[in-house]
Structures are given as structure tokens and as C-alpha cells.
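Colleague: just a sequence and a predicted model for now, questions to come.
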Amino acid sequence: MHQNTRLLPYQRREVYRRWLQGEKVTVLSKHFGVSRQTLYQVFKKARLEVFGNYSSMNERYRSIAYGLRKLSTTERALARKIAKRERRLNCYEKSEPGELVHFDTKKLPRLSGEAAIQPREWLHVAVDDHSRWLYADIFPNKTSYSSAIHLEETVRAMPFRMETTYSDNGSEYRGRPDHPFVATAHRHGIRQQFTRPHTPRTNGKAERVIKTLMTEWHRRRSFLSREERRKFLYAYTRYYNQVRPHQSLLGQSPIEWLEAYLARLKSVRNP
């Protein structure tokens, strides 16, 4: 095993949970294929509830995140007024980043050569209604536990504050107060909204981004392993957010749209 082997966010949560339940570090080290030293670093960060990979945000991205998270209540109200005045034609959208974030899942196909008994993995997506900023990851299933981890990682990765989640009525998203996804949303002060029962198509933005992902990321390449598939998903997500033009954003990428959003606020605040 290699000392610098990296665990994925959901694996870090799982190894930390099992360690808290009493499993020995030596056993966990062999099971996850990482060194004991790596696990001790995971446990150290886990005590601070840090489970994500080291941020790959460049300086441009950090600047946007800093600017958006500094917005006051007054500035957010101003942003809504500006957005209403400049609303894109024939396009329903929320007025500011993070106001509504769409969540959805899709069962991924098995890779070429995989046995029929091999469990299929699940794609989890979160897309911002206003800017189309995307956070996507792959999990072994779509349980409430996996969905809660995805929500937690989305909150940490987003360059803006999330106000409301929007999803279907599936058991991975909806339940009692102790439901993992519900509890995670509550802990972050995030509200939940749901599609009308038996009408999942009303979550159109999430469905469209899944279709885009499957077309542009998954079907254009034959992956040699599940790990390679996951790595290409991360690379495509960066491309989607920082480079890919979006028709709904007037040809801009999500990061360009967010930069323009901040610039509009500054121009009104400092005429």
C-alpha cells in the first residue's frame, strides 16, 4: 500500500464511522488499502468534520467564493432586484446563487466486462438553479446516508451559501427529523422543497444535467475501471463549471456567470 493513497469523501466517512465503533486501525488499513498514517490523518480531520478532498479551486474560484459568501442581507435583496430586472427571456430561474439547488440521482451502467452480479453505482448530482454550478459524485448506492454525504460535500464545495434543496420525494431525500439528509440540511440551516408527488419531471434542471453528463462524460469514453470513471467525472465537472458554454447562461460558463453577477453587484453598490 502507498502512504499517499487518497480516500474518497464517502470512504473517509465510512472508515471514521467504523473506527468510532471500535474496529482496529490495522484492520481498516488493510480493508481500504491505505497506510495507518493516512488513516490517522483522516481521523484528525474527521474530528473537525472535514471529509472532502483537498480543494482544487484555483485563485479565480476562491475569489468568487469569498465575494459571494461576504454578501450581506441588504446586498442579497439588491441582487434579487437586479436579477428580476435582467431576467433571461423565456427562462425560469431563481434570482441569486444558492437560492435553490436541485438534487437527483441516476443508476449508472456496469462497465464493459463487469459481471452481472456486480452492484451498479449511483451518480448523485446537485445543480444550482441560478448559475447552473454543478457538484457531482459517484456512490455505491442512493441511500439516505449516501445522499447526506453528497449534500455535505456540496455545501463545502459550493462557492456560495445554499438556501434550499429541491428534489423528488424519494426516501433518500425525505423523512423524519433524524433522517440523514434531512438532519444534514437542518444542521446547515437549509430548507427543503420537493416536486409534486408522482411528477419527478418537475425537477427538470437536475434531469437535464444528468442527461448532459451521460452524453458528454460517460458515453464518449470506455472506462477501464470504476476509479477511472470517477476521476473523469471530477475532470468533466471542472470543465462544466469553468469552461463549457451554457445556452441558458447566454454562452457563459457557470463561473463566468458568477463573476458577472458579482460585477453587477459591485457596480450598483459603488457607482
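Modeller: Now that the structure is in, tell me what you want to look at. Numbers count the residues shown, from 1 in each chain.
Colleague: with adjacent residues omitted, what lies nearest to residue 32?
Modeller: Spatial nearest neighbour of residue 32, excluding adjacent residues (CB to CB, 6 or more residues apart in numbering): residue 15 at 5.8 Å. From N, CA and C alone the C-beta is placed, and that goes for glycine too.
Colleague: can you pull up the bridge partners for residue 106?
Modeller: residue 123 (DSSP bridges).
Colleague: got the contact list for stretch 112-123?
Modeller: 105-110, 136-142, 146, 210, 213, 222, 226, 233 (CB atoms under 8 Å, 6 or more residues apart in numbering).
Colleague: for the record, mean pLDDT for stretch 124-136?
Modeller: Averaging pLDDT along stretch 124-136 yields 96.
Colleague: actually stretch 28-45, not the one I wrote
Modeller: 85.
Colleague: in this structure the residue nearest to residue 32 contacts residue 41, no?
Modeller: No: between residue 15 and residue 41 there is no contact under CB atoms under 8 Å: 11.3 Å.
Colleague: which of the contacts of stretch 112-123 are buried?
Modeller: 105-106, 108, 136-139, 142, 146, 210, 213, 226, 233 (16 or more other CB atoms under 10 Å).
Colleague: now the strands for the stretch 151-271 of the chain?
Modeller: Using DSSP state E, counting those that start in this stretch, the strands found in the stretch 151-271 of the chain span residues 164-167, 191-194.
Colleague: distance to residue 121, mean neighbour count and mean pLDDT for those - can I get that in a markdown table?
Modeller: Formatted as a markdown table, these follow (distance: least, CB to CB, whole Å; neighbours: other CB atoms under 10 Å; pLDDT from 0 to 100):
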| stretch | distance to residue 121 | mean neighbour count | mean pLDDT |
| --- | --- | --- | --- |
| strand 164-167 | 19 | 22 | 97 |
| strand 191-194 | 25 | 13 | 97 |
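Colleague: check the gap between the residue nearest to residue 32 and residue 230 for me.
Modeller: Distance, residue 15 to residue 230, using CB to CB, to the nearest Å: 17 Å.
Colleague: enumerate every residue touching residue 229.
Modeller: Neighbouring residues of residue 229 by CB under 8 Å, 6+ apart: 108, 111, 138, 218, 223.
Colleague: what is the nearest of those to residue 246?
Modeller: Residue 246 lies nearest to residue 218 out of the contacts of residue 229, by CB to CB, at 19.1 Å.
Colleague: now for the closest one, how many residues are close by?
Modeller: 18 (other CB atoms under 10 Å).
Colleague: what residues of stretch 235-251 count as buried?
Modeller: In terms of neighbour count (16+ other CB under 10 Å), stretch 235-251 has its buried residues at 236, 237, 238, 240, 241, 244, 246, 249.
Colleague: just the ones in helices from the residues you listed, please.
Modeller: Within these, residues falling in helices by DSSP state H are 236, 237, 238, 240, 241.
Colleague: what's the closest of those to residue 176?
Modeller: Nearest to residue 176 among those, counting by CB to CB, is residue 237 at 31.9 Å.
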